[in-house]
Structures are given as structure tokens and as C-alpha cells.
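Asks: task: produce atomic coordinates for the following.
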Amino acid sequence: MKFYKYPWNLIALSIVILFSSCEKVIDLNLNEGEKKVVVDAELSDQLGGCIVKLSETKNFNDDNSFVGLTGAKVTIMNNNQLLSTLTEVSPGVYKDDNLKGEYGKQYTLTVNLNGQTFTGVSTMPYLVPFDSLYVETNLSSGMYIPIQP
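Replies: Below you'll find the predicted structure:
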């Protein structure tokens with residue numbers, strides 16, 4: 001009962017318990033991995049919307065700057081028919097300003113780089129029409145504000 005007679009003892013004990021939490025140091029093993037080629041490709045339905053970026057993976061502690069891979073042959077085909085051989089416009093960046101994708105068509109991207117071949121196949125999805133957008137506010141009236149496209 002003497003302990004409760006002096007409230008600062010209880011406060012001090014609470015502070016000691018509160019600030020004496022456990023701490024465990026976790027050592028992450030971030031070994032340097034084998035470099036892999038990264039292919040980032042875009043094809044849109046707009047002229048100038050075809051761009052391919054080639055780079056390599058980076059280690060965890062490396063900076064996040066883009067270092068492109070040069071000297072690749074990059075082609076895009078549709079139904080086994082060559083549509084374009086992209087040209088390198090800057091290190092690791094390949095473009096075709098005249099290529100325009102079409103909805104529902106399947107495209108094959110082929111990258112030949114240093115004796116390795118990378119291939120990807122994708123179908124351009126059909127355009128989904130944008131009808132309308134509604135925003136609900138947090139006002140008590142529950143008012144809706146229509147936004148027309």
C-alpha cells in the first residue's frame with residue numbers, strides 16, 4: 001500500500017516500462033545479383049506512340065538513373081509481317097514516329113541484343129468509351145456533382 005501512497009513511483013514505473021521496448025536489428029542480405037535486360041515498350045493508337053527503352057537491372061544501392069543499352073535491333077510485327085524496325089534516337093531509346101497501333105490487333109516485339117533475343121506478344125485492347133464521372137462530396141447533404149467529358 002505504500003507504493004500507491006506516492007503516485008510519482010507509479011508514474012516513473014510506467015515511463016520505464018513504456019520506454020524500455022525491445023529492439024531487434026534485422027540485417028538484410030542485399031547481394032549484388034546478375035544483371036538482367038529490362039525491356040520497357042509502349043505502343044499506342046497515336047502517331048509517335050511507339051517507344052522501346054532497353055536497360056539493365058540495378059543493385060539496391062545504385063542510383064536510379066536510366067542507363068540505356070545500345071546497338072540492339074528492335075522490330076515490331078503483326079501477323080508475322082514486319083511493321084517496323086525501330087531506330088535508336090538516344091542511348092537505349094528506340095522509336096518509330098510513324099507507327100500507330102490498331103485496336104484488337106496482336107503485336108510481336110523482338111529485341112536482338114548482344115546475341116540474345118527477347119520476344120513479347122501483346123494485343124492492343126479496344127478503347128473503352130468514357131461516359132461520365134461522378135464525384136461524391138462529404139457534405140451532409142450528400143450532393144453529387146456530375147462531370148461531363
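
Asks: so where's the chain shaky on pLDDT?
Replies: Low-confidence segments of the chain (pLDDT under 70): 1-7, 18, 20-22, 137-149.

Asks: what residues does the strand ranked longest in it touch?
Replies: As assigned by DSSP state E, the longest strand anywhere in the chain is strand 81-90. Strand 81-90 is contacted from outside by 50, 52, 68, 70-77, 94-96, 98-99, 107, using CB atoms under 8 Å, 6 or more residues apart in numbering. Glycine gets a C-beta too; all of them are placed from N, C-alpha and C.

Asks: neighbouring strands - and their directions - for it?
Replies: strand 73-78 (antiparallel), strand 93-96 (antiparallel) (DSSP bridges).

Asks: rewinding a little: which among the contacts of strand 81-90 count as buried?
Replies: Buried members of these, scored by 16 or more other CB atoms under 10 Å, are C50, V52, A72, V74, T75, I76, M77, Y94, K95, D96, L99, Y107.

Asks: quick one on the thing from earlier: of the strands paired with strand 81-90, which is nearest I15?
Replies: strand 93-96 (59.1 Å; CB to CB).

Asks: can you show me the strands along this protein?
Replies: Using DSSP E, the strands of the chain run over residues 37-43, 50-56, 73-78, 81-90, 93-96, 106-113, 116-123, 133-136, 144-147.

Asks: from these, which stretch is densest packed?
Replies: Among these, strand 93-96 has the highest mean neighbour count (mean count of other CB atoms under 10 Å), at a mean of 21.

Asks: need the strands paired with strand 81-90 in JSON lines with distance to F19, can you?
Replies: As requested, these are exported to JSON lines (distance: least, CB to CB, whole Å):
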{"stretch": "strand 73-78", "distance to F19": "59"}
{"stretch": "strand 93-96", "distance to F19": "54"}
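
Asks: can you pull the contacts of the most centrally placed residue in the chain?
Replies: The residue lying closest to the centre of the chain (CA atoms, centre = their mean) is D40, at 9.8 Å. Going by CB under 8 Å, 6+ apart, D40 touches V52, K53, L54, S55.

Asks: got these as a markdown table, with distance to Q81 columns?
Replies: Formatted as a markdown table, the contacts of D40 follow (distance: CB to CB, whole Å):
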| residue | distance to Q81 |
| --- | --- |
| V52 | 19 |
| K53 | 25 |
| L54 | 24 |
| S55 | 29 |
